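In: Predicted model, plus sequence, below.
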Amino acid sequence: MQTDQIVRTFVEYFEERGHHRITGSTLLPPPGDPVLFTTSGMHPLTPHFEGRPHPLGRRLVNVQRCLRTTDLEEVGDPTHLTVFEMLGTWSLGDYEGPRSLDWAHGLLTEGLGIDPGLLHATVFGGDERTGPDTASLELWQDRGIPVELTVEDNWWSNGPTGPCGPDSEIFLWSGDTPPPPHSTPTGDDRWVEVWNHVMMRHRRLADGSLVPLPQRNVDTGLGLERLASLLQGTSSVYESEVFAPWRTALTSLWPLDEPSHRVVCDHLRSAVVVIGDGVRPAPTGRGYVLRRLVRRVLTVLWRDDPTRSLGDLPLEPIRHTLDRFRQEGDPTHVRRTLLEEERRFTRLLERGRQVLGRPRFRGPLDEEDFHYLHDTHGLPRDLVLSLRR
């Protein structure tokens, strides 16, 4: 099943159940929001969890592009991406968690044809602040789906304060053989999380205490690329059809080992989407995230061959990504932006080598050295360490 078909199936399934599709926003959160990028489908809806009416009603569905820097160091494994699309549904004070989980079970097993024997769920087991999520537990037991109870892994929050609540996560088996009888998601990484259902009932205050929200909400999120990879039977998200243009282009350009190939694919694709949403490389903020993505790509590429250049990148994967994320940018302009950042990084490397060649920096470096190199010469720690290898 291709990703476009998955999206249609998902949206139509919930539209038939009274949900109205809302337009997904860009990666840039609304003015005044403290986060750099939209990290989840629920982020633009936060005021509505607090009781503000939504113009389209209390049942919503959408497809939202997201960026998560928290997963940056995990990129290169089979499942994590920096920029991805999130399929989401919401109940704003309407139905509760068990109905949401029941519909999720129906979509996965009937709408998408997944064998129920390949599903596993986790549920919040309770702590000193709030009791276990018995309603979700009973729903899964009624459906014959094995359940694992956890505490920290099944409590969701969007930060130190604000809306939060227990969640139930749905996992899909990715192994080549049937799941072992006693295998669980926390003990066997062949269980891959695909869908999280948060019972958004609380607000966490600055002192850590919980107070009830004005209404009981449900917030769900399902990673599109991850689900597509599992449905297509590929060994990683990078083998699914959304990455095909990148794999084809990069394989012919630069021979890389698989983890490096994944990092380059992910970071270039992510950089294209960030540029497509109007961000430019900069020393701080959103521009620094973009700069970090591009420079990490270049560090990987130049490790084996310093003559490699982003100027050799064909337009097809850039165009494919802009179309995939419904962006109207010019592929030539995107490639030119990448190449300009490559030139800046080249000049920084040349200056860095000269600075690190000074007698002061020939021995072991301490924290004072790292601070000086960063504040005076603009050389971040990771770049200094790579230049000294």
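Out: Right, received. Where do you want to start?

In: all contacts plus neighbour counts: C-alpha atoms, from now on.
Out: Will do.

In: So Leu28 lies in a strand, does it not?
Out: No - going by DSSP: H, G, I helix; E, B strand; the rest coil, the assignment for Leu28 is coil, not a strand.

In: Contact partners for the residue lying closest to it once chain neighbours are set aside?
Out: Leaving aside its chain neighbours, Leu28 sits nearest to Phe37 (5.1 Å; criterion: CA to CA, 6 or more residues apart in numbering). Listed by CA atoms under 8 Å, 6 or more residues apart in numbering, the contact set of Phe37 reads Leu27, Leu28, Pro29, Cys66, Leu67, Arg68, Arg286.

In: contacting residues around the nearest residue to the last one once chain neighbours are set aside?
Out: Distances taken as CA to CA, 6+ apart put Leu36 closest to Arg286, at 5.9 Å, once the chain neighbours are dropped. For Leu36, the contacting residues are Leu28, Pro29, Gly285, Arg286, taking CA under 8 Å, 6+ apart as the criterion.

In: how far away is the residue nearest to Leu28 from Val63?
Out: Using CA to CA, to the nearest Å, Phe37 is found at 16 Å from Val63.

In: All the helices of this protein, in order from the start?
Out: Ranges of helices in the chain, per DSSP state H, are 3-15, 46-49, 97-106, 134-143, 224-231, 244-253, 258-276, 285-304, 315-324, 331-356, 367-377, 381-387.

In: circling back: could you write me a PyMOL select line covering just the buried ones among the contacts of Leu36?
Out: Selection command for PyMOL covering only the buried members of the contacts of Leu36, criterion 16 or more other CA atoms under 10 Å:
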select buried, resi 28+29+286
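
In: which of the contacts of Leu36 lies closest to Arg326?
Out: The nearest member of the contacts of Leu36 to Arg326, counting by CA to CA, is Leu28 at 14.6 Å.

In: how many neighbours does Asp127 have?
Out: Residues within reach of Asp127, counting by other CA atoms under 10 Å, total 11.

In: What's the local residue count around the residue lying closest to it once chain neighbours are set aside?
Out: What sits nearest to Asp127 in space, not counting adjacent residues and going by CA to CA, 6+ apart, is Val151, at 6.8 Å. The tally of other residues near Val151 (other CA under 10 Å) stands at 15.

In: try Glu15
Out: Glu15 has 15 neighbours, counted by other CA under 10 Å.

In: just Thr337 next, same as before
Out: Thr337 has 17 neighbours, counted by other CA under 10 Å.

In: OK, contacts around it?
Out: Residues near Thr337 by CA under 8 Å, 6+ apart: Arg280.

In: ok, residues contacting the helix or strand of the chain with the lowest mean pLDDT?
Out: Every helix and strand of the chain was ranked by mean pLDDT, DSSP states H and E. The lowest is helix 381-387, at a mean of 79. With contacts defined as CA under 8 Å, 6+ apart, helix 381-387 is touched by Gly352, Arg353, Phe370, His374.

In: about what we covered before: and the two most separated of the contacts of Leu36?
Out: Pairwise distances across the contacts of Leu36 (CA to CA) peak at 13.0 Å, for the pair Pro29 and Gly285.
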